[in-house]
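# make a model of this:
(chains A and B)
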Amino acid sequence: EDQVTQSPEALRLQEGESSSLNCSYTVSGLRGLFWYRQDPGKGPEFLFTLYSAGEEKEKERLKATLTKKESFLHITAPKPEDSATYLCAVQPAQGSGTYKYIFGTGTRLKVLA
Amino acid sequence: NAGVMQNPRHLVRRRGQEARLRCSPMKGHSHVYWYRQLPEEGLKFMVYLQKENIIDESGMPKERFSAEFPKEGPSILRIQQVVRGDSAAYFCASSPGGGVREQYFGPGTRLTVT
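Sure thing, here's the model as predicted:
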């Protein structure tokens, strides 16, 4: 069964304290892995797409990496405005042509000033 | 340059009533996805549609739920005879298709069943 697990469930950091969020996945074939940010009461906001092991993407203080079994979202010198829930999703490669996502339950990040 | 639009943003229904949730995809997008987010749970896929076609409804409950994406107008998720367990946030996402894999999400509709 296709599955996505994110850890930790919650993370509190001091401003400037770098850390990493983990997303491990089990899927029969991977079409893509996606990172989103979700603020309370809002819809997920797209951050990154990763397609193959070894790939890296970077945006401001965020960097996403991918291996064959997991992805990491590295946050360098975070600021309070980086506080949000970070969601990981995989898109299985299925012959039926569906493009659905399978989401993890997210990591709730709180950055303290 | 409007993003994905959903309405209403908040919807309150009594048990047994019908709920209709609307989603207008981003301009140029022809693929629509519906997801449900229950409290303290992750987003769960419900249905994937293209114009006038349901492509994958493997996540839809077998009864009371239906979805459509007509040639003209928004996509609609319809829940008949709502029950308390239907209370959740319902998100719509769209993509342009043609091999582009990223999905862009709307702000969601928060359904409360009393």
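# for the residue positioned nearest the centre of chain B, which non-adjacent residue is closest in space?
Centroid-nearest residue in chain B: B:Trp34, 3.7 Å away (criterion: C-alpha atoms, centre = their mean). If the residues on either side of it in the chain are set aside, B:Trp34 comes closest to B:Met46, at 4.4 Å by C-beta to C-beta, 6 or more residues apart in numbering or on different chains. Every C-beta, even on glycine, is put in place using the N, C-alpha and C of the backbone.
# does B:Gly97 touch B:Ser30 like I think?
Yes - with contact defined as C-beta atoms under 8 Å, B:Gly97 reaches B:Ser30; the gap is 5.4 Å.
# which neighbours do the two share?
B:Gln50 (C-beta atoms under 8 Å, 6 or more residues apart in numbering or on different chains).
# and chain B, which residues reach chain A?
Contact residues (C-beta under 8 Å from any C-beta of the partner chain) of chain B with chain A: B:4, B:31, B:33, B:35, B:41-45, B:48, B:55-56, B:58-59, B:91, B:95, B:101-108.
# can you rerun that using 7 Å?
By C-beta under 7 Å from any C-beta of the partner chain, the residues of chain B that approach chain A are B:31, B:33, B:41-43, B:45, B:48, B:55-56, B:91, B:101-108.
# show me which positions of the helix or strand A:Lys110 falls within end up buried.
Assigned by DSSP states H and E, A:Lys110 belongs to strand A:107-112. By neighbour count with 16 or more other C-beta atoms under 10 Å in any protein chain shown, strand A:107-112 contains the buried residues A:Thr107, A:Arg108, A:Leu109, A:Val111.
# dump it to PDB, keeping only the CA atoms.
C-alpha atoms of strand A:107-112 as PDB (Å, rounded to 0.1, in the frame of the first residue of the first chain):
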ATOM      1  CA  THR A 107       5.000  18.700  10.400                       C
ATOM      2  CA  ARG A 108       3.800  21.700  12.500                       C
ATOM      3  CA  LEU A 109       6.700  24.100  12.700                       C
ATOM      4  CA  LYS A 110       6.800  26.900  15.200                       C
ATOM      5  CA  VAL A 111       9.700  29.400  15.100                       C
ATOM      6  CA  LEU A 112      10.100  31.500  18.100                       C
END
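# quickly find the element holding residue 89.
Picking chain A for this. Judged by DSSP H and E, A:Ala89 forms part of strand A:84-92.
# meant chain B, my bad for not saying
Per DSSP H and E: strand B:88-95 holds B:Ala89.
# let me know how buried the residue lying closest to A:Leu109 once chain neighbours are set aside is, in neighbour terms.
Excluding its sequence neighbours, the residue lying closest to A:Leu109 (C-beta to C-beta, 6+ apart) is A:Leu11, at 5.2 Å. Residues lying near A:Leu11 (other C-beta atoms under 10 Å in any protein chain shown) number 17.
# just confirm A:Leu11 contacts A:Thr107, I think it does.
Yes - using C-beta atoms under 7 Å, A:Leu11 is in contact with A:Thr107, at 5.9 Å.
# near chain B, which residues of chain A are found?
So far as C-beta under 7 Å from any C-beta goes, chain A lies against chain B at A:31-32, A:34, A:42-44, A:46, A:49, A:91, A:96-101, A:103-106.
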